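# sequence-free structure coming up:
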Ligand SMILES: Nc1ncnc2c1ncn2[C@@H]1O[C@H](COP(=O)(O)OP(=O)(O)OP(=O)(O)O)[C@@H](O)[C@H]1O
Ligand SMILES: [Mg+2]
């Protein structure tokens, strides 16, 4: 739709203060259609706050966010999701009392899913239960097993993380913002999630990925942005970012960086 | 029977039924079908037969009042346990629906057949509009507002001496005969009981429950929680206003007592006794509680004590309520099968 030069998402001078303490300070960046942008930063550097600000879950103190040229900052969260800008929660928020597949009936009931048919338009063909099992299967819930029918409260973290992604997919999203979908997963679970993320990108979904697992992030991300104390330190390729003195300083002593540096 | 016990074992009646009836599969046999539908038939049959078997007209009147409270309890249970809005709005709904029906009948000359549906919809619209600003409030704050409106409206009517003031509106048309009066409200109760049950078991019911359990995820799913709360409040207040409209035609009078606190409190007690979150439980709760409270009328104000004791006992000993307990026992029924 939009020319490749105009960004799908523009974040301008976004600032957020919590009772005088600044969690985000004039952060700006552009997101281009079809890319994967990685956001990294030490604990408490404002990554989740940035996502909450973009997706309308908190009110920004200052700054603006544009999606396809339309201002979305100030809109309510459900409107922003309705436009196709979706997010996962770092602390997963499934409907614990419902089976996994019933969890997806709710996003499939949303106006956007009804309009677009959900991921790949499947919602226009079948009933919501079947469509949600289709989506879960794509995310590695074995169709023939009991897993999709299990209550969410009985599912291990790995599946709950996928359900966060599934909720976004049910909306047929344009952008998915993932808040640490890899953390808390085993190496083999991450290994199975990486191709999934790559496939989403191939299907034309634009992604922002917040991660502490740098090695896996660098495999999939086209660009990396670093946050520290609510400020943007640098933006660039993985090599450029890791070679930067300020980043080394911010991550000083962090094993994650040393490990990545060793492999670089 | 006894001698063959050696080759038989006990099996729970619901074995194999429960999974399928909750999923997509069809039921297999008559026996299984009757297992599922028997309680429903007993309930419907029991309620329908009630006006014929009660000893006097006085008790027929009690049944009508039971039904009014049953509707209020249903309205409370739906809103509190499926949407997460704790409402003490019984008095608000009864008063609004009641006064509307009274005005429509005495000032515009409309018959009950028209005043009741109009008062139901118009009343639900007014109540929803007044409660709309409070929808973001949670828990006790929403409850307080729903309790405040009836007090406020009653004072306004009293102070400004409008709508009949403290005398109320007299001369409201009654129903054609007592059978119409009885069966009209009984059918309404059954309709809304099965209607709300149907509603909460559909996809939209999942959204309602999701709004209650996890509103952040609902918002992240591109769904407006205010929209669904508004729909739910409308449904709930429509049920309450309908009960109110019926009430004033029953008593042929609408007065300040339609805003009485009883209409807010008793439905909650009925819900506690019957089983919160079951919808049918609160209706049964009303069928138990209202007659008891009538029987105790002789004791005057002392009946509050009995009343409180019953409630206390239920909260302490059987907090899950009759319906939840009964359902579990029913599912645990066993039969003998050959092995
Ligand atoms: N609701 C809030 N009220 C007050 N302070 C907050 C709130 N949310 C976040 N903060 C503060 O803002 C800062 C940034 O928090 P944020 O959760 O965005 O960090 P993060 O980069 O996501 O960290 P992590 O890697 O641990 O997830 C922290 O200092 C945090 O304490
Ligand atoms: Mg975070």
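That came through, no problem. Predicted, not measured: the structure shown is a model, and the values here were computed from it. Ligands and ions are numbered 1, 2, ... in the order given.

# could you pick out the longest helix of chain A?
helix A:187-202 (DSSP state H).

# residues touching that one, excluding its own?
A:34-36, A:139-140, A:158, A:161-162, A:165, A:169, A:176, A:178, A:181-182, A:185, A:207, A:209, A:213, A:216, A:219-220 (C-beta atoms under 8 Å, 6 or more residues apart in numbering or on different chains). C-beta here means a position set from N, CA and C on the backbone, and glycine is covered the same way.

# which of these count as buried?
A:35-36, A:139, A:158, A:161-162, A:165, A:169, A:176, A:178, A:181-182, A:185, A:207, A:209, A:213, A:216, A:220 (16 or more other C-beta atoms under 10 Å in any protein chain shown).

# give me the subset of the residues you listed lying in strands.
A:36, A:176, A:178, A:207, A:209 (DSSP state E).

# dump the residue contacts of the first one.
In this structure, residue A:36 makes contact with A:197, A:201, A:206, A:207, A:208, A:209, A:220, A:221, A:222, A:223, judged by C-beta under 8 Å, 6+ apart.

# ok, so what distance separates it from ligand 1?
19 Å (C-beta to the nearest ligand atom, to the nearest Å).

# what does residue A:222 give?
Distance from residue A:222 to ligand 1, by C-beta to the nearest ligand atom: 21 Å.

# what mean pLDDT does stretch A:67-79 get?
Averaged across stretch A:67-79, the pLDDT comes to 94.

# same question, stretch A:151-166
91.

# and what of stretch A:189-200?
89.

# next, the buried residues of that stretch.
So stretch A:189-200, judged by 16+ other C-beta under 10 Å, has buried residues A:189, A:190, A:193, A:196, A:197, A:200.

# now do the helices in the stretch 101-250 of chain B.
B:112-131, B:140-160, B:178-200, B:203-213, B:215-220, B:225-251 (DSSP state H, counting those that start in this stretch).

# and residue A:228, how many neighbours?
19 (other C-beta atoms under 10 Å in any protein chain shown).

# ditto for residue B:281
So residue B:281, with other C-beta under 10 Å, has 27 neighbours.

# most packed of the helices of the stretch 101-250 of chain B?
For the helices of the stretch 101-250 of chain B, the largest average neighbour count (mean count of other C-beta atoms under 10 Å in any protein chain shown) is found in helix B:225-251, namely a mean of 25.

# distance from the helix or strand residue A:64 falls within to the middle of the chain?
Residue A:64 belongs to strand A:62-67 when elements are defined using DSSP states H and E. Here strand A:62-67 is found 18 Å from its chain centre; the criterion is C-alpha atoms, centre = their mean, to the nearest Å.

# repeat for stretch B:308-316
With C-alpha atoms, centre = their mean, you get 20 Å for stretch B:308-316.

# got the contact list for it?
By C-beta under 8 Å, 6+ apart, stretch B:308-316 touches B:269, B:272, B:273, B:289, B:292, B:321.

# quick one: secondary structure of the residue of chain A positioned farthest from its centre?
Within chain A, the residue lying farthest from the chain centre (C-alpha atoms, centre = their mean) is residue A:144, at 28.4 Å. Using DSSP: H, G, I helix; E, B strand; the rest coil, the structure places residue A:144 in coil.

# those residues of the stretch 1-150 of chain A touching ligand 1, which are they?
For the stretch 1-150 of chain A, the residues in contact with ligand 1 (C-beta under 6 Å from any ligand atom) are A:18, A:23, A:41, A:43, A:44, A:45, A:46, A:47, A:48, A:49, A:90.

# now do 8 Å
Residues of the stretch 1-150 of chain A that fall close to ligand 1, judged by C-beta under 8 Å from any ligand atom: A:16, A:18-19, A:21, A:23-24, A:41-52, A:58, A:90.

# of those, select the buried ones using a PyMOL command.
To isolate the buried ones among these in PyMOL, judged by 16+ other C-beta under 10 Å, type:
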select buried, chain A and resi 16+23+24+41+42+45+46+47+48+49+50+51+52+58+90
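
# in strands, which of the residues of the stretch 1-150 of chain A next to ligand 1 fall?
Filtering these for strands - DSSP E - leaves A:16, A:18, A:21, A:23, A:24.

# isn't the first one up against residue A:47?
No: no contact is recorded between residue A:16 and residue A:47 when judged using C-beta atoms under 8 Å, the distance being 12.0 Å.

# relative to residue B:62, which of the ones in strands among the buried ones among the contacts of helix A:187-202 is nearest.
Using C-beta to C-beta, residue A:176 is the member of those that sits closest to residue B:62, with 59.4 Å.

# what's near enough to touch the closest one?
Counting by C-beta under 8 Å, 6+ apart, residue A:176 has contacts A:86, A:87, A:88, A:165, A:168, A:169, A:200, A:205, A:206, A:207, A:208.

# just flag the most distant two among these.
Among these, A:169 and A:208 lie farthest apart (C-beta to C-beta), at 15.4 Å.

# looking at chain A, which residue is nearest ligand 2?
Nearest to ligand 2 in chain A, going by C-beta to the ion, is residue A:48, at a distance of 3.1 Å.

# picking up where we left off before, after the strand holding residue A:64 comes which helix or strand?
strand A:70-71.

# so does that following strand get close to chain B?
No: Strand A:70-71 lies out of reach of chain B by C-beta under 8 Å from any C-beta of the partner chain, never closer than 15.8 Å.

# what does that strand rub up against?
Against strand A:70-71 from outside (C-beta under 8 Å, 6+ apart): A:64, A:65, A:83.

# sheet partners, orientation included, of that strand?
strand A:62-67 (antiparallel) (DSSP bridges).

# please point out which parts of the strand it pairs with sit buried.
A:63, A:65, A:66, A:67.

# turn the contacts of strand A:70-71 into a markdown table, including distance to residue B:282.
Shown next, in a markdown table, are the contacts of strand A:70-71 (distance: C-beta to C-beta, whole Å):
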| residue | distance to residue B:282 |
| --- | --- |
| A:64 | 49 |
| A:65 | 46 |
| A:83 | 41 |
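
# what is the nearest of those residues to chain B?
Checking those against chain B by C-beta to the nearest C-beta gives residue A:83 as the nearest, at 8.4 Å.

# residue A:65 is in contact with that closest one, correct?
No: if you go by C-beta under 8 Å, residue A:83 and residue A:65 don't touch, sitting 11.3 Å apart.

# anything in contact with each of these two?
With C-beta under 8 Å, 6+ apart as the test, residue A:83 and residue A:65 both reach residue A:72.

# so residue B:243 sits against residue B:66, correct?
No: counting by C-beta under 8 Å, residue B:243 does not reach residue B:66; the two are 11.1 Å apart.

# stretch A:132-145 vs chain B: in contact?
No: on the criterion C-beta under 8 Å from any C-beta, stretch A:132-145 is out of touch with chain B, staying 10.6 Å away.

# for that stretch, which positions count as buried?
A:132, A:133, A:134, A:135, A:136, A:138, A:139, A:141.

# I'd like the distance between residue B:249 and residue B:97.
Computed as C-beta to C-beta, to the nearest Å, the residue B:249 to residue B:97 distance reads 11 Å.
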